[in-house]
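Novice: Coordinates for the following, if possible.
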Amino acid sequence: MDKEVLEALNDQLNSELYSAYLYLSMAAYFDHMGLSGFSHWMKKQAEEELGHAMKIYGYIYSRGGRVVLKEIKRPPHTWNSVLDVISHALEHEKRVTESIHRLFDLAREKRDRATEVFLHWFIEEQVEEEQVFSEIKQMLEFAGETPQTLLILNSRLAQRK
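Specialist: Down below sits the predicted model:
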């Protein structure tokens with residue numbers, strides 16, 4: 001595997017671990033607010049991000065590379081509102097999407113077709129990630145952060161499997 005592609009894959013693995021860390025911090029914020037459904041949803045999101053990291057981990061080794069874990073920066077732990085948390089998560093997902101696109105472009109530049117194919121799943125996954133956060137954000141913007149809206153969304157998000 002090309003050295004630059006390997007380094008970029010390790011960077012992406014680290015980014016996915018940070019995403020899990022960020023969503024766990026958001027879950028803790030929601031638990032502190034008494035919004036257990038929002039917290040549950042974010043914990044599931046954190047688990048999903050760990051799965052993404054492990055997918056990259058396995059791919060690196062399947063190609064004869066070496067995983068090199070890097071420091072994970074501390075995520076924020078306070079926000080101004082529920083909408084602020086969701087907006088932050090959406091912007092984070094957009095940055096992850098950009099990162100995956102850059103990685104895909106690098107794989108293409110290096111003519112690493114196996115990595116290109118591997119990254120297709122992540123590209124499709126990011127469309128879903130951004131869509132889900134966008135929908136929650138739109139609901140909060142439309143209905144406002146009234147107690148009724150938060151309780152309805154809290155109940156809905158608690159049902160995530």
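Novice: so where do the helices sit in the protein?
Specialist: 3-33, 36-62, 82-109, 113-143, 147-157 (DSSP state H).
Novice: wait, which of those helices is closest to residue 74?
Specialist: For these, the distance to residue 74 is smallest for helix 3-33, at 8.2 Å, taking CB to CB. Every residue, glycine included, has its C-beta placed from N, CA and C.
Novice: any idea how far residue 71 lies from residue 21?
Specialist: Between residue 71 and residue 21 the distance, using CB to CB, to the nearest Å, works out to 11 Å.
Novice: quick one: which of those two has more around it?
Specialist: Taking other CB atoms under 10 Å, residue 71 and residue 21 do not tie; residue 21 has more neighbours (17 against 7).
Novice: Identify the residues contacting the most centrally placed residue in the chain.
Specialist: Nearest residue to the geometric centre of the chain (CA atoms, centre = their mean): residue 19, 4.7 Å. By CB atoms under 8 Å, 6 or more residues apart in numbering, the contact set of residue 19 is 46, 49, 52, 92, 96.
Novice: what's the answer for residue 150, then?
Specialist: 35, 82.
Novice: how far away is it from residue 83?
Specialist: In terms of CB to CB, residue 150 sits 10 Å off from residue 83.
Novice: what does residue 129 give?
Specialist: 18 Å.
Novice: What's the local residue count around residue 102?
Specialist: Neighbours of residue 102 (other CB under 10 Å): 13.
Novice: Skip the chain neighbours and tell me the closest residue to it.
Specialist: In this structure, residue 102 finds its nearest non-sequential neighbour in residue 8, 7.6 Å apart by CB to CB, 6 or more residues apart in numbering.
Novice: got a markdown table for the helices of the chain, with mean pLDDT and distance to residue 75 too?
Specialist: Shown next, in a markdown table, are these (pLDDT from 0 to 100; distance: least, CB to CB, whole Å):
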| stretch | mean pLDDT | distance to residue 75 |
| --- | --- | --- |
| helix 3-33 | 98 | 4 |
| helix 36-62 | 98 | 11 |
| helix 82-109 | 98 | 9 |
| helix 113-143 | 96 | 16 |
| helix 147-157 | 94 | 20 |
